[in-house]
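Undergrad: Return atomic coordinates for the entry below.
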Amino acid sequence: MAQRRSFIIRPRTMRKSEKFSDRVYEYILGQVLMGTFAVGSRIPTEMELAQRLDVSRPVVREALQRLRDDGLLASRQGSGSVVVRRPDRAISGFAPISCIADVQRCFVFRQGLEGEAAALAAQNHDAAAMGRLRKALEALELASAQHRIGTDEDFAFHFAVAEATGNHFFTSTLMAIREQIATGIEVNRNLTLIQPPERVVTVQKEHQMIYAAIVVRDEAGARQAMRDHIEKARRRVFEGG
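TA: Numbering: from 1, shown residues only. The predicted structure follows:
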């Protein structure tokens with residue numbers, strides 16, 4: 001099992017592409033993860049956050065909207081912004097706080113992309129493609145049986161699905177965002193490994209369902225199995241589901 005990293009918010013140098021609202025987002029998300037801003041509680045006002053973090057109110061407003069879009073905050077009349085959900089706290093041991101927002105958005109993007117890839121794989125696969133997909137599934141099952149994180153094996157399975165479409169744009173897109181996908185997979189599988197053993201079995205069954213639908217050319221079933229798997233992965237990370 002990967003060694004947990006302690007979660008401490010420290011001042012840091014701005015990343016080249018980073019906006020001030022990213023820093024505000026990270027700060028609030030960090031406070032939610034640690035429980036300083038507890039579920040059901042009101043967070044500080046825009047003005048209070050702007051003063052505390054030395055930024056303008058529009059910057060704070062942008063960060064708050066992103067947190068609402070991600071389902072972590074909600075606006076309540078007379079109460080301002082209230083925390084409605086806290087991601088699994090263990091996530092902070094497996095990914096930098098600055099990556100967590102992108103992990104969530106990547107899961108959402110993958111649902112659409114890979115759902116369609118699975119449907120096309122069911123429609124277009126040939127014997128060679130199914131051989132690669134079966135091999136990838138077996139490697140993933142072995143990683144799970146050995147209680148390894150299996151990030152590479154998990155990505156290889158999803159890549160094999162994309163290959164089976166016969167459309168290189170799917171594989172090119174997965175390779176272009178491989179780093180973001182791998183971060184999400186690693187966080188998800190790390191969280192799975194610290195849960196009861198049944199969780200590992202559940203995750204593996206999701207992959208098996210995708211494979212089973214593709215092999216019998218069930219396009220709708222493959223699409224739904226893939227979308228369900230990615231949504232459940234997102235929930236395991238962000239909702240403890």
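Undergrad: Can you report how many residues neighbour residue 152?
TA: Other residues lying near residue 152 total 15 when counted by other CB atoms under 10 Å. Where you see a C-beta, it was placed from the backbone N, CA and C, and this is true even at glycine.
Undergrad: Residue 227 too?
TA: Residues within reach of residue 227, counting by other CB under 10 Å, total 19.
Undergrad: Just give the nearest non-adjacent residue to it, would you?
TA: Spatially, and ignoring its direct neighbours in sequence, residue 227 is nearest to residue 115 (4.1 Å; CB to CB, 6 or more residues apart in numbering).
Undergrad: so who does that neighbour touch?
TA: 223, 224, 226, 227, 230 (CB atoms under 8 Å, 6 or more residues apart in numbering).
Undergrad: okay, these in JSON lines with distance to residue 160 next?
TA: Below are the contacts of residue 115 laid out as JSON lines (distance: CB to CB, whole Å):
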{"residue": "223", "distance to residue 160": "16"}
{"residue": "224", "distance to residue 160": "19"}
{"residue": "226", "distance to residue 160": "12"}
{"residue": "227", "distance to residue 160": "18"}
{"residue": "230", "distance to residue 160": "16"}
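Undergrad: Show me which of the residues you listed is closest to residue 211.
TA: Among the contacts of residue 115, residue 226 lies closest to residue 211 (CB to CB), at 10.4 Å.
Undergrad: surely that closest one meets residue 118?
TA: Yes: Residue 226 is within contact range of residue 118, at 3.8 Å (criterion: CB atoms under 8 Å).
Undergrad: mind checking the backbone torsions on the residue nearest to residue 227?
TA: When quoted as degrees, to the nearest 10, the phi and psi of residue 115 stand at phi -60, psi -50.
Undergrad: same question, residue 37
TA: Per-residue torsions, residue 37: phi -100, psi 100 (degrees, to the nearest 10).
Undergrad: same deal with the one 4 residues further on?
TA: When read as degrees, to the nearest 10, the backbone of residue 41 gives phi -90, psi 160.
Undergrad: Could you check the pLDDT of it?
TA: pLDDT recorded at residue 41 is 92.
Undergrad: That one and residue 82, how far apart?
TA: 7 Å (CB to CB, to the nearest Å).
Undergrad: nearest spatial neighbour of residue 55, skipping sequence neighbours?
TA: Excluding the flanking residues, the one nearest residue 55 by CB to CB, 6+ apart is residue 20, at 5.1 Å.
Undergrad: quick one, what contacts that neighbour?
TA: 55, 56, 59.
Undergrad: Surely the last one is in contact with residue 50?
TA: Yes: here residue 59 lies in contact with residue 50, judged by CB under 8 Å, at a distance of 7.3 Å.
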